[in-house]
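Student: here is the input, now give the coordinates:
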Amino acid sequence: MTSTTLRAAGSRPARTTPRRPRRSRPTLGGAIIQGSWLIVVVAAAWWFATAKSANFFIPPLQTILQALMRDLGNGVIAAGAAYSLGNLFGGLAIAIVVGIALGILLGEAKWLRDVVDPIIHFFRSIPQAALVPLIIGTFGIGQGPKVGTIAFACLWPVLLNTIDGVLGVEPTVRKFARVYRIPRGLYFRRVVLPAALPQIMAGIRVALPIGITVMVVSEMFASTEGLGFYILNSSATFQVPETWAGALLVGVVGYILSMLFVLVERRVLRWYHASGAQ
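Tutor: Numbers count the residues shown, from 1 in each chain. Okay, the predicted model is just below:
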């Protein structure tokens with residue numbers, strides 16, 4: 001018997017640790033169904049509760065949906081929704097770019113962060129809707145001031161979450177980057193930005209409903225287009241079903257955008273969710 005055979009015969013069998021079964025994550029469609037059942041229940045209750053309503057300001061849900069379908073068909077709401085979504089996406093894009101850039105800069109530079117910290121907390125404490133008439137009155141009633149108003153309102157959650165994400169980078173990782181003299185551009189792209197990305201996505205998720213709110217409010221001041229103008233004009237002319245229809249459409253649009261953002265977030269942070277599931 002050779003020495004190799006003796007070693008093989010005397011060696012202990014390697015211990016194998018059983019792998020933990022991975023938790024199955026629900027699909028996006030399943031998550032939407034699970035999160036939408038209450039909406040269906042509320043809609044059904046609303047339908048039956050207002051079916052015989054004689055209150056002028058609370059029309060039946062059937063009447064509201066008829067007004068919504070009619071104005072969607074003739075293009076009145078569709079054109080306003082396209083205008084509003086253009087403002088929303090433009091303002092949100094500006095807020096994301098500026099918020100991420102400033103957040104990384106302030107997260108890395110402590111002295112600069114200490115200087116501007118009081119200014120950031122001052123502006124983020126001001127109700128964003130209260131600034132809408134001031135901004136529109138100063139810069140005019142065009143599309144640009146509305147986009148700027150949305151960008152200003154959405155900037156703060158993106159900025160603050162980016163700063164928190166940058167501050168959460170492990171000190172050991174920073175030391176390794178300095179020791180190996182990684183170029184600053186590569187350091188920001190491959191180290192800081194991926195580490196802060198979960199927090200950044202959380203900030204964008206918070207900024208989205210804020211942007212929708214400011215979008216509607218900005219179109220109620222000296223505007224002739226958009227969902228906000230449609231709601232205000234319908235209310236001023238005592239078209240109550242149309243007013244409800246516009247508000248209902250804003251809620252539906254916000255819900256759809258939130259679900260789409262969940263899909264984008266899962267794709268962008270696939271590596272993050274995969275590491276947490278192991």
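
Student: any regions of this structure where pLDDT drops low?
Tutor: 1-35, 276-278 (pLDDT under 70).

Student: how about the one residue sitting closest to the centre of it, what does it touch?
Tutor: Centroid-nearest residue in the chain: residue 205, 2.5 Å away (criterion: Cα atoms, centre = their mean). Residues in contact with residue 205, defined by Cβ atoms under 8 Å, 6 or more residues apart in numbering, are 258, 261, 265. For every residue, glycine as well, the C-beta is placed using N, CA and C.

Student: state the distance from residue 59 to residue 247.
Tutor: Distance, residue 59 to residue 247, by Cβ to Cβ, to the nearest Å: 12 Å.

Student: against residue 216, how distant is residue 61?
Tutor: In terms of Cβ to Cβ, residue 61 sits 21 Å off from residue 216.

Student: thinking again about what came up before, which one's more surrounded, residue 59 and residue 247?
Tutor: Between residue 59 and residue 247, counting by other Cβ atoms under 10 Å, residue 59 is the more crowded of the two (20 against 17).

Student: report how many residues lie close to residue 71.
Tutor: That count, for residue 71 with other Cβ under 10 Å as the rule, works out to 21.

Student: what about it, which helix or strand?
Tutor: helix 61-73 (DSSP states H and E).

Student: now do the buried residues in that helix.
Tutor: 61, 64, 65, 67, 68, 71 (16 or more other Cβ atoms under 10 Å).

Student: repeat for stretch 174-191
Tutor: 177, 187, 188, 191.

Student: output it as CSV, nothing but the C-alphas.
Tutor: Included here for stretch 174-191 are C-alpha records, laid out as CSV according to Å, rounded to 0.1, in the frame of the first residue of the first chain:
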residue,chain,number,x,y,z
ARG,A,174,-11.3,54.3,1.7
LYS,A,175,-7.9,53.4,3.2
PHE,A,176,-7.3,50.8,0.5
ALA,A,177,-8.2,53.3,-2.2
ARG,A,178,-5.6,55.8,-0.8
VAL,A,179,-2.9,53.1,-0.3
TYR,A,180,-3.2,51.8,-3.9
ARG,A,181,-3.6,55.4,-5.3
ILE,A,182,-6.8,54.7,-7.2
PRO,A,183,-7.6,57.7,-9.4
ARG,A,184,-10.3,59.9,-8.1
GLY,A,185,-12.6,59.5,-11.0
LEU,A,186,-12.4,55.7,-10.8
TYR,A,187,-12.8,55.8,-7.0
PHE,A,188,-16.0,57.8,-7.3
ARG,A,189,-17.4,55.6,-10.2
ARG,A,190,-16.5,52.1,-8.9
VAL,A,191,-16.3,52.6,-5.1
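
Student: done for today, thanks.
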